[in-house]
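Asker: coords please:
(chains A and B)
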Amino acid sequence: MSTRLRILGGTVHDPANGVDGEVRDICIEDGHIVADLPGGAPTLDARGMIVMAGGVDIHSHLASSSCNHARRLLPEERSADPAPAPALLDGAASSRSGTGGTVPTTFTSGYRYAGLGYTTVFDAAVAPVMARHSHAELEDTPCVDGGFFALMGNDEYLLRQVAAGEKERARDYAAWLLGATGAYAIKIVNPGGVEAWKSGQRNLSGIDDVLTAHGVTPRAILETLADSANQLQLPHPVHIHCNNLGLPGNVAVTLASMQAMAGRRAHFTHVQFHSYGGPGWSSGAAQVIEYVNSHPELSVDVGQVMFGPATTITADGPVEYLLHKSSGRKWVNIDIELETGCGIVPFQYKDKAAVSALQWAIGLELFLLSRDPWRVVLSTDHPNGGSFLSYPALIQLLMDRSVREERLKQVNPKLLAGSALADGLTREYTLNEVAIITRAGPARLLGLRQKGHLGTGADADVTVYARNADIAQMFATPRYVIKGGTLVVEEGQLRRAPTGRRLHVRPGYDDALLPDLKRYFDAHSTIAFENYPVQGIPDDPLPLRP
Amino acid sequence: MSPDQQVEHVTCLGCGCGCDDISITVRDGRIVDATPACPVGQAWFGDGSAPWEVRLAGKPVGLEDALTEAATLLTKSRGRVLVYLAPDITSQAQRAAVTLADILGAAVDSSTSDAAAGGLLAAQRRGRATATLGEIRNRGDVLLFWGVDPNRRYPRFLSRYALDPAGTQIPNGRAGRFVIAVNIGADKGLAEADLTITLEPSEEVAALSLMRAAVLDHPARDQSPGLTGAIGLIGRLTDARYAVLVHDAEPTDLPRNPLRVEGLIALTQALNGPTRAALSSLRGGGNLAGAESVLTWQTGYPFSVDYSRGYPRYAAGERGLDRLARGAFTAALVVGSSKLDREAAATLGDIPTIVIGPGASQAPFTTRVAIDTGTAGIHEAGTAYRMDEVPLSLRPPLTGQRTAVETLHQLIQAVRTRLPGEKT
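Answerer: Residues are numbered from 1 along each chain as shown, chains lettered A, B, ... in the order given. Down below sits the predicted model:
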């Protein structure tokens, strides 16, 4: 296949470069976007079509030991969704079959993400001790560049440093752990709350609650790791899943956590699950998004709930126990030594269920009340709020008010009194705004300078959509998808499945950390310090922020 | 004589404990010491000597000829192949083996079907509450050994994880833990327990059910002494800060009620209401959990998978070896050790069989192709999974003549060139 390609005459939406619906050519050479190509280069006729950079998923669960436990838990949904090997141009034997459902097998995940026009995906929650597993799964996830975030908000060594006020040591440890595991960013899940679950305190609910086993607060964990990420100049700031996920009234702890950042850069994830008024169920979306609107150092992804089957997978062990008890569904809990937890409960969001309808409405309110699309990213917290395959339907809800209002009429209205959505939100996202919330914005927030745009030097990750009055259909079936210069989807069919790149960082740290860390491992870890780091991580680490 | 070489931090796969603190002494290409390996570990490492033969119909041949024959046979049998995963290979080799199964439309099975299928199926119905081994060490203040004494088959489980070591929340080690043994007839719990009760095998499932009911505040009355004793344990368990229930997920010579594991799963889950609790399932040697993990991320199912329709289907109800005995397959590929149980060996000899793995040339059944490779963690680097599904890095103390993973990738290439319509 030629290393050159001219995508001819498409209508380009490249908001990172100020291009909003201009007809122009996009030129590709050796896997990157170039300014021009000599005549005679192969062309792809995109006239009348819409051209965007490949999608970037800032928060998914697709390649982790937790996902694998979820796959194993749900044989019933995968027998209903077999995924034969796609017919690739280089022969059937190079492609792989699998099964789908809410947590597809690895090859199927890669193919389906590419089929949706997404070319970069991050797993948002990997226990560091399980990093080796995630790298193996990512190796088996074709078509997308991938990486993961390392869970640190309940890590024993980290908590000890926070308790001792050793902020520099905490930062050095975070740097070491990112490099040792080949992770991309620092993740916090329910700061202190998972350790509280494991140590018998059950949970923490406010950011100044004290984790008794360690004498630290969520606030101190948040501040320490936010500072670590920023001082280490990581491409992505600390990625925060707040305390009290899914509980009525949790908007208070969400706002308090945002306020605790006090000017620090931070990303708050799946905020839909953290925007509930209380003491009963009501929408707190307006308060949360108003705070984000007025604090440019903060960003969020929404974690939209879509009606239908989901699987909740999280390091937030205590919340999964509550969901198991309230839903009666089967439940996995795995406490992971010295680091974190894991909980899994399958779930169904029903439009006739009042709480599901409220969650759905809150997600839409967050999108529609946001004033800066660059800091509000599209996500369903796949597969927690719904599968990534529901992104096109979500885009349609954002772009088409009539579809949204029709859908609103069908949902249980019981808890929607006073919600902004029920009062009528007229906003419709433009194609350019969709390009921002699905690629340009997340790429910028992730610090991926070569992703999410189509300027010279960018990775040649490009998605071409054929116009369609049915917006969901248009986004569900891109006509062409190009990944790193390789034509992956042609005429709507997956035809090539290149191996993606691994996205990881390796920040520096003070070596004085190592003797203390080795003593800690010798005393408490069941894995030798020398055996802990993952060897052979492919691709060079990405640069830190300048 | 060359000087001794010392290889540190070697991971032992003798049982599922995955101890990675073994110091191996190598002299003249042989392992002469493995410290502090237990007897099971000593047997696992042996002296590291292994055959390095390649055989076709019993006669020595070059590797290329053997791979050509294997690829031809497997391609011809496409759709009617059984791939059997033995446990002593790396997860990298397991991935290659499952790749082959996919492109050959094969059925894949492993010893999981014999040993641990019941527990996996029960966990698919109910979920489970468990923990990695380090959590048992760091938090377990009440340990209950249900019909198992790990000393026999998992000798370092107690010293590394469950009993003796100090933990972050158990600073006094053994003194900080209360230990309960439940004997199920002759299936004895831990001998050195602080409290022992004995149940008749016929009482076991009722006991688990009534214990769970008691945890859920439905105390039973007027039971037999055995059942009363079992229900009486609940106070100990709910008073724990972190209770750990330990059972053996591998079969023993003794008969065992197949409902035991589901009862233990349900009881452990229920204990997480009043306190915290985890069920620890002891698993045997090699990379058993790795095979389940690889199969799950590639197919969605942990064992007994059938690709014959072009996508993975779950065939959990019937073992691959039983299907083989019924004549469902025309060729078999055994990946890993040929030291299978007698039944597997007897069945496999009946159809043309390819063995790629440690000791393939010494298989106790007739092989069409046998290619000796190294053993995971002794001659081969890579990843293996501990019984708690934590992936471990392997540092082989010896270098073999060929690895299972490379041989399998060569076979994949050879098979691909023989499939119709392939461009390579």
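
Asker: And the residue of the stretch 101-250 of chain B closest to chain A?
Answerer: Minimum separation of the stretch 101-250 of chain B from chain A (Cβ to the nearest Cβ) falls at residue B:134, amounting to 2.7 Å. Any C-beta I mention is one placed from the backbone N, CA and C, and that applies to glycine too.

Asker: Name the residues of the stretch 301-424 of chain B found near chain A, please.
Answerer: By the rule Cβ under 8 Å from any Cβ of the partner chain, the part of the stretch 301-424 of chain B lying against chain A is B:301-302, B:307, B:309-314, B:316, B:383, B:389-393, B:395, B:415-416, B:419, B:421-424.

Asker: please redo it, this time with the cut-off set to 6 Å
Answerer: For the stretch 301-424 of chain B, the residues in contact with chain A (Cβ under 6 Å from any Cβ of the partner chain) are B:302, B:310, B:311, B:312, B:314, B:383, B:391, B:393, B:416, B:419, B:422, B:423.

Asker: Turn the residues you listed into CSV, including neighbour count.
Answerer: Listed next are these as CSV, based on neighbours: other Cβ atoms under 10 Å in any protein chain shown:
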residue, neighbour count
B:302, 27
B:310, 15
B:311, 25
B:312, 29
B:314, 19
B:383, 27
B:391, 26
B:393, 22
B:416, 20
B:419, 16
B:422, 15
B:423, 11
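
Asker: Looking at pLDDT only, which of the residues you listed scores worst?
Answerer: In terms of pLDDT, the lowest of these is residue B:423, showing 53.

Asker: where do the strands sit along the stretch 401-546 of chain A?
Answerer: Taking DSSP state E, counting those that start in this stretch to define them, one finds strands in the stretch 401-546 of chain A at A:462-466, A:480-483, A:486-490, A:493-494.

Asker: what's the offset of the third one from the middle of its chain?
Answerer: This points to strand A:486-490. 24 Å (Cα atoms, centre = their mean, to the nearest Å).

Asker: what comes into contact with that strand?
Answerer: Among residues not part of strand A:486-490, those counted as contacts by Cβ atoms under 6 Å, 6 or more residues apart in numbering or on different chains are A:114, A:143, A:480, A:481, A:496, A:498.

Asker: Alpha carbons only: can I get stretch A:421-428 in CSV?
Answerer: Only the C-alpha atoms of stretch A:421-428 are listed here, as CSV (Å, rounded to 0.1, in the frame of the first residue of the first chain):
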residue,chain,number,x,y,z
LEU,A,421,-33.6,19.4,30.3
ALA,A,422,-37.2,19.1,31.2
ASP,A,423,-37.5,22.9,31.1
GLY,A,424,-36.3,22.8,27.5
LEU,A,425,-32.8,23.2,26.3
THR,A,426,-32.7,24.4,22.7
ARG,A,427,-29.0,24.1,22.1
GLU,A,428,-27.9,21.8,19.2
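
Asker: who's the nearest residue to residue B:139 once chain neighbours are set aside bridged to?
Answerer: Using Cβ to Cβ, 6 or more residues apart in numbering or on different chains and skipping the chain neighbours, the partner closest in space to residue B:139 is residue B:242 (3.9 Å). According to DSSP bridges, residue B:276 are recorded as the beta-bridge partners of residue B:242.

Asker: thinking again about what came up before, ranking the strands of the stretch 401-546 of chain A by burial, who's on top?
Answerer: Looking across the strands of the stretch 401-546 of chain A with neighbours counted as mean count of other Cβ atoms under 10 Å in any protein chain shown, the highest average goes to strand A:480-483: a mean of 28.

Asker: Which strands border that strand, and is each parallel or antiparallel?
Answerer: Each strand paired with strand A:480-483, and its direction, by DSSP bridges: strand A:462-466 (antiparallel), strand A:486-490 (antiparallel).
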